[in-house]
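**Q** sequence and predicted structure are below.
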Amino acid sequence: MTQDINDWFDANLLSLNLDKTHFMQFVTKNGSLNDFGSLHGNKTIAMVDNTKLLGLTLDNSLSWRPHIDTIVPKLSSASFALQVVKPLLSWDTLKMAYFSYFLSIMTYGILFWGTSRPSSIIFKLQKRAVRIIAGLRSRIPAENILGCSKYCHYSLNTYCPFYFLWSTTGTISG
């Protein structure tokens, strides 16, 4: 198989940048990795456990933990930024900051990782950001803020419940 790939690259006058090229072998929870090397010409292509592809961090078991670990600091920074600028901005401008900064990071690729087990961390960060914008303390249940049931983030139309509430009522009311 490796020779076929090498022949195809040679026939199409293409070359690989081996500094940027690697491969990943996907495994199941109980599966094990097969030990095989991938060669291009006389050089070995490195095997990796996770990689970034189109802004999503994939790991070899598709657990989405590495991706979530990369966006948690970004969302925490966005929450802090919202808290800092809240006294300086109007309600509409604060909503715009939430949508452009926090929600754009959160919803990128959510159809892939949104139902994974570690995604609950992300939804907790969203609740924190919504509480900051609404000026509510952390002890108030998020269901009252978002106007949805305890398990609302598992429904496709409520992945972005804050947007739904603003677009339909113009206020945050539970």
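**A** Cool, got the structure.
**Q** domains in this protein, by residue range?
**A** 2-48, 59-169 (automatic domain parsing).
**Q** got those domains as TSV, with mean pLDDT and mean neighbour count columns?
**A** Quick note: C-beta positions are derived from backbone N, CA and C, even for glycine. Shown next, in TSV, are the domains of the chain (pLDDT from 0 to 100; neighbours: other CB atoms under 10 Å):
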stretch	mean pLDDT	mean neighbour count
domain 2-48	76	11
domain 59-169	76	16
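**Q** the helices in this structure, which residues?
**A** Using DSSP state H, the helices of the chain run over 2-11, 65-85, 91-97, 104-107, 110-113, 120-134, 142-146, 161-169.
**Q** any chance of these in a markdown table with distance to residue 45 as columns?
**A** Below are these laid out as a markdown table (distance: least, CB to CB, whole Å):
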| stretch | distance to residue 45 |
| --- | --- |
| helix 2-11 | 9 |
| helix 65-85 | 21 |
| helix 91-97 | 43 |
| helix 104-107 | 32 |
| helix 110-113 | 25 |
| helix 120-134 | 33 |
| helix 142-146 | 46 |
| helix 161-169 | 43 |
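**Q** and these: which comes nearest residue 27?
**A** helix 65-85 (14.4 Å; CB to CB).
**Q** packing partners for that closest one?
**A** Helix 65-85 is packed against strand 56-59, helix 91-97, helix 104-107, helix 120-134, with contacts defined by 3 or more CB pairs under 8 Å, 6 or more residues apart in numbering; DSSP states H and E.
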